[in-house]
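Here is the input, now give the coordinates:
(2 chains)
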Amino acid sequence: MASKLQPIRGTRDLLPEDCRAHARVEEACRSVAERYGYGEIRTPILELTPVFSRSLGDATDVVQKEMYTFEDRGGESVTMRPENTASVARAVLSNGLLNEMPLKLHYAGPMFRYERPQKGRYRQFHQIGVELYGVPEPAGDVEVIAMGADVLAELGLLEQTRLEINTLGDAESRVRYRDALVAFLRERQEGLSEDSKDRLERNPMRVLDSKDAGDQALVADAPSIFEHLTDEARAFFDAVQDGLTALGVDHKVNPRIVRGLDYYCHTAFEFITENLGAQGTVIGGGRYDGLMEQMGGPALPGVGWAGGIERLAMLAAGGVEARRPVAIVPLGEEAEKRALVMAHDLRRQGHVIELGYRGNLKRRMQRANKVHASHAVIMGDDELARGIVTLRDLDSGEQAELSIDSVSEGLPVHG
RNA sequence: GUGGCUAUAGCUCAGUUGGUCAGAGCGCCUGGUUGUGGUCCAGGAGGUCGUCGGUUCGAGACCGACUAGCCACCCCA
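Prediction:
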C-alpha cells in the first residue's frame, strides 16, 4: 500500500473533509476581504523564473534551494510559485493596474517549496493572502494587520494566537543598522553557531532569530534596530502601533521578527501559535515598498500578508460539518420514478437530498443514517395511492404524513 | 540539506528473548424472513507484516540500503 502509488513527497490528497476545512479558511479570508473592499486575483502557478529570483532576492533560501524550477519545452526557465506576492506584483504590472491605486487584492491557492516535509510544512501547501498597493501611509499597515486579526477571529483562533510586530526600518535605517549589527557580530564571530556564521554573510538580521542557545545569549545585547531608525521610520512604526491600539488589536513588539525575503521594509509582523510545534507562524507579512521597482516597475508601496491554510485549518480543526441531507426512500418501481423527480425538484429548491440508488427499506434507512440525514421521506404504494409521503424525523423517530406535493414544507429550512 | 524516532488489515494499534503470530477494536459486507435506521446478536471479506537485499535450519520480529511519515535543526505560511 505504501509502495509506488503514493503521492510525491510533501504533497497530499485533500479528501472531502480536508477540502471542507480548507474551504472554511478560504471563506473566512474572502468574507473579510470583501468587507474591506478587496477583490480576488488568481495568477498562474507557473511564472518565468526571474519573477521570483529578482524580487525575493537571489541570496534567500527560498530562491537558492527551495524553488521548483525547470526548463519548459520551449527552453524557458519557469518556476512554480513559492509564494504569491511576487506573482501579484507582476500581474499588477502586466495588466496596467497602476492607474487603479489604491489597489486592494486578495487570493488563495497552492504554493510550492522544496523543503523537508514536516507537520504544517508541505512541498505543496496553500495560502490565503491580501495585498494593498499604493498606500505609503501607516494606515495601510494597520488595515492589513487588522484584516489578519479579523480572519483569525472569523475562524475562532484569536485566543490561540498572538501578534508580534517589528520594524525593519526604511532603506536608510536598514543600512545603518545592518552595518552596526555586522560590526557587532564580527567581533564575536567565534562564538556563533555554524549556521549563524553563514547567516552573518548572507542575511545578518537572521542571526537575531536563531534558536541556538549560544547565539541567543550572544545576541541578547546586540545593537537594536530601534537605535538606528531614522526619525521618519520611527514615526512610521509608532503610527502603526497607535493604529493597532486604537482598533483594539493586541500586539507585542518583538525585535527579533525578521523577514526572509528581501523585499520587506518597515513593518514586519507574524500571528503566531504555540499549538503547532515548530511551524508556529500562521500568518506572516509586512511592508514591501521596494518590490515593484525591483521587478522593473515604478516605485509603488505595498503591504500584505500570507496565511498558511493547512496550519489555520489544523488549528481550527473540528466543527466543520456538511449540511445534513434529507433522504428520500422510495419503495417499488412507481415510487422510484416519483422519487427521482421529487429529489430533483427539492434540490432545485435548495434542499440537500440523498437518494439511494438501490436497496430495500432497511438498506436505505441504514444509508440515510450513515449520511447523517435529518429526515427520511418514505413513500411506498400505500402513500402513493393516498397522495402522501411519510416524513420521519431521524433524530426523534417521530413520523408524520404530508401531501406529496408539499414535502418541502416539512423539511428543515435551508441556509 | 543535518540529526533522531517510526512504518503490521480502510482506520487506531497488539504481536513477549527470532520457531502455528498473522491478531484485536472500529469501519465495511451478509444475515437475525415480508415497509423503518441509529442499539444488540451471529457470520464474512480485507494484510506476500513499506520496498529491496542480508544474517539464520527458520524473521513481522536481527542487520543494511531505499522510500515515506513524524520530531528537532534549517526555513517559513
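
ok and the residue in chain A nearest RNA strand B?
Residue nearest to RNA strand B within chain A: A:Gly260 (1.3 Å; CB to the nearest atom of the strand). (Each C-beta comes from the backbone N, C-alpha and C, glycine too.)

how many other residues sit next to that residue?
A:Gly260: 15 surrounding residues under other CB atoms under 10 Å.

which parts of the stretch 51-200 of chain A sit against RNA strand B?
Counting by CB under 7 Å from any atom of the strand, the stretch 51-200 of chain A comes close to RNA strand B at A:60-62, A:66, A:83, A:113, A:115-122, A:125, A:127, A:195, A:199.

Can you say which of the residues you listed are buried?
A:60-62, A:83, A:113, A:115, A:120-122, A:125, A:127, A:199 (16 or more other CB atoms under 10 Å).

Redo those as CSV? Include distance to A:Ala400, pLDDT and secondary structure.
Listed next are these as CSV, based on distance: CB to CB, whole Å; pLDDT from 0 to 100; DSSP: H, G, I helix; E, B strand; the rest coil:
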residue, distance to A:Ala400, pLDDT, secondary structure
A:Thr60, 66, 80, coil
A:Asp61, 65, 83, helix
A:Val62, 62, 84, helix
A:Glu83, 56, 94, coil
A:Arg113, 57, 94, coil
A:Glu115, 58, 92, coil
A:Gly120, 49, 88, coil
A:Arg121, 53, 92, strand
A:Tyr122, 50, 94, coil
A:Phe125, 49, 96, strand
A:Gln127, 49, 97, strand
A:Arg199, 71, 86, helix
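
okay, those residues in CSV with distance to A:Val240 next?
Below are these laid out as CSV (distance: CB to CB, whole Å):
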residue, distance to A:Val240
A:Thr60, 25
A:Asp61, 27
A:Val62, 26
A:Glu83, 23
A:Arg113, 29
A:Glu115, 31
A:Gly120, 28
A:Arg121, 29
A:Tyr122, 32
A:Phe125, 28
A:Gln127, 23
A:Arg199, 27
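
nearest to A:Arg162, of these?
When these are compared for distance to A:Arg162 (CB to CB), A:Gly120 wins out at 17.1 Å.

ok, the residue nearest to that closest one when sequence neighbours are not counted - contacts?
For A:Gly120, ignoring the flanking residues on the chain, the nearest one in space by CB to CB, 6 or more residues apart in numbering is A:Gln279 at 3.4 Å. For A:Gln279, the contact set (CB atoms under 8 Å, 6 or more residues apart in numbering) comprises A:118-121, A:308, A:311.

Output these in TSV, with distance to A:Asp242 appended to each entry.
Compiled in TSV, the contacts of A:Gln279 are given as follows (distance: CB to CB, whole Å):
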residue	distance to A:Asp242
A:Gln118	38
A:Lys119	37
A:Gly120	33
A:Arg121	35
A:Gly308	29
A:Arg311	30
